[in-house]
Structure formats: C-alpha cells, structure tokens
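Q: Sequence and predicted model, in that order:
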Number of protein chains: 2
Amino acid sequence: MISQTAEYALRAMAHLASKPTEPQTAQQIAAVTLVPLHYLSKVLQALARAGLIHSQRGLHGGFTLITPPEELSVYDIVQAVDPIQRIKRCPLGLAAHGENLCPLHKRLDEAMCEVEQCFRASNLAELLAQESSSRPLCPVPMPVTRAAVDLAD
Amino acid sequence: MISQTAEYALRAMAHLASKPTEPQTAQQIAAVTLVPLHYLSKVLQALARAGLIHSQRGLHGGFTLITPPEELSVYDIVQAVDPIQRIKRCPLGLAAHGENLCPLHKRLDEAMCEVEQCFRASNLAELLAQESSSRPLCPVPMPVTRAAVDLAD
C-alpha cells in the first residue's frame, strides 16, 4: 500500500535528516538507502520540486533538507512524491452518487483517512530519535545478499 | 492506496451480493460495475480461486457468491486479489534490523495495520444495507461521460 516511490523518498529523507550539516550526493544517499541510483535521482528531483530538499552543485555540493526534521511529517514526504488518493467523488462516475459516496467507497476513504492521520502524526525527527534496537538506516548497511545469509544463520 | 484490482473486486462482489439468487455473467457484472470486461475476467478468476465466488457454466450460468455477504469482510475480498502488504522484515534487507523494524518502518506498518482493521470491521451485507443517499452501484449506472455532464449542471 505504501508505494515504492514513497518508501524510497522516506529513506532518502531519513538519511538527509541524519546528516544535517553534510550535503549528501545522490551516490552517497543511494549507498545508504539501497535505492537504485536512477530511481533515486527521480525521487530526489520530486522532493526538490516540492521544496523539501535543496540541491547544491559544486565540489562540496549535494542534497540537504530545507525544513528541520521536527517540522517534516511522514505525510509531507509521501504527499511530495506519491500523494495518498482520498476518494472525493464516486469512482464509477455515477451521476446519482457524485460527491455522496456510497457506503463502500465511504469505508475505503475512511481507511485512507486513517493512513493520512497516522502519517501526519509522525515527524522525521521523532522517528530518528525514538529508542529502538534498529535505527532508521544503519550507518553501514549490509548488502542484501549478505544480510539474507546472516539472517539464515 | 487501494489498488485498481481491489476496487474492481469490491465492485464485483457488491453486485453479486445484491443478486443472491441470480447468477451474473461477466458481461452483466461489467455493465453494472463499469469495469473493462478483460480486466474483470481476471479479477473474477482470482475471486473464484480464492473460494469467494462460484462459476456455473451453461444457459443460466454465471457467478454467485459462495459465502453469505454477512460473513464476507472487505478485508477478505481485498486479500483475495491484492493482499495488503504488512511490513514484517526490514525492507532494506539489513541484517542488523531483520524483524526488529526501525521506527520508520514500524510506523508505516502501523498505518497498514489501521487499514487492515478498518477492512476487517466491514462486511459486505452491512455496506449494502447501510442507509445512504447512494447505494453501492446503482442498478442503472450512467455512463461516465454523461455523469460528468450531469454533475456540471
């Protein structure tokens, strides 16, 4: 239900939030987030267009967050790249329904509303600060194949 | 967030629930649900494979529900065609994370859990019986283009 694009954007933003003073190149972000570079570049473009990150060219250039992580909700990030589609009109285009959703579509929209609220209630700083045995994005990620072997042990 | 496939399956099941004693052909279901016939056929196959509908060949053949609508949740239907993906392991495949989700993925999974609960709590009979100005799937749906014109009036 969370799209690949949204998942990748959240990983990239979590990494940038953990490096507030060091601009990160797309290559550096790709290495930590394990997102294919080509896909990541498109996601970073979308985040920049949405005004969430800043791109600085040059020798020590790279991407940085524009907004402090305390003010960035999961919702802001998801909406920037692959917005949650609330159901505002009858998806069948039925004239008799219009904006009066039937109980089925009302229920589906309620589920989307729950997701929206859950995402609005989480900011990036909180997620990074939360005590947990796993921090978002390890500093030195293991390659996927290696990880699979380790877990099988 | 609700996939096209899940949306179409819900429409088809809502229509079958409204015709408990009349087997419906794929053509009849397509006409009411406004789902392209080819796509609908695949969805109906998946619903039949999952044991939710029965297909009867022959002159008065067609599709009927196997389970009464009171016992069919929105969740059952969605899971049959395009299951909600809960996050059970670190999507980055990080060995250090494994099944201990980081706060970011824990929060995303919580959102999926909310959706799951919302869908489990709604059965098809309830949705069809609920008083509303719009019943799920009008008996005589208006074509999409006509509906758009009507709504603009």
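A: Great, that's in hand.

Q: Leaving out the residues flanking it, which one is nearest to residue A:37?
A: Nearest in space to residue A:37, with sequence neighbours left out and distances taken as CB to CB, 6 or more residues apart in numbering or on different chains, is residue A:30 at 4.6 Å. (C-beta placed from N, C-alpha, C; glycine too.)

Q: now residue A:49
A: Excluding its sequence neighbours, the residue lying closest to residue A:49 (CB to CB, 6+ apart) is residue A:80, at 8.0 Å.

Q: That neighbour - that's part of a helix, no?
A: Yes: counting by DSSP: H, G, I helix; E, B strand; the rest coil, residue A:80 is found in a helix.

Q: Residue B:69 versus that one, what's the distance?
A: Plainly put, residue A:80 is 40 Å away from residue B:69 if you go by CB to CB, to the nearest Å.

Q: Next, count neighbours for the residue nearest to residue A:49.
A: Close neighbours of residue A:80, defined as other CB atoms under 10 Å in any protein chain shown, add up to 21.

Q: Repeat that for residue A:55.
A: Neighbour number of residue A:55 under other CB under 10 Å is 15.

Q: My guess is it contacts residue A:61. True?
A: Yes: taking contacts as CB atoms under 8 Å, residue A:55 lies within contact range of residue A:61: 7.4 Å.

Q: name the element the residue nearest the centre of chain A belongs to?
A: Centroid-nearest residue in chain A: residue A:10, 2.5 Å away (criterion: CA atoms, centre = their mean). Residue A:10 is part of helix A:4-17, with elements assigned from DSSP states H and E.

Q: Show me how far whichever helix or strand comes after that helix is from its chain's centre.
A: For helix A:4-17, the following helix or strand on the C-terminal side (DSSP H and E) is helix A:26-33. Averaging C-alpha positions (CA atoms, centre = their mean, to the nearest Å) puts helix A:26-33 15 Å from its chain's average.

Q: next structured bit after helix A:26-33?
A: helix A:37-49.

Q: Output the contacting helices and strands for that next one.
A: Contacts defined by 3 or more CB pairs under 8 Å, 6 or more residues apart in numbering or on different chains; DSSP states H and E place helix A:37-49 against helix A:4-17, helix A:26-33, strand A:53-56, helix A:74-81.

Q: mean confidence for that helix?
A: Average pLDDT, helix A:37-49: 97.

Q: which residues touch it?
A: A:4-5, A:8-9, A:12-13, A:26-27, A:29-30, A:33, A:35, A:53-55, A:63, A:77, A:80-81 (CB atoms under 8 Å, 6 or more residues apart in numbering or on different chains).

Q: again with stretch A:23-30
A: Applying CB under 8 Å, 6+ apart, the set of residues contacting stretch A:23-30 is A:12, A:15-16, A:35-37, A:40-41, A:44, A:56, A:60-64.
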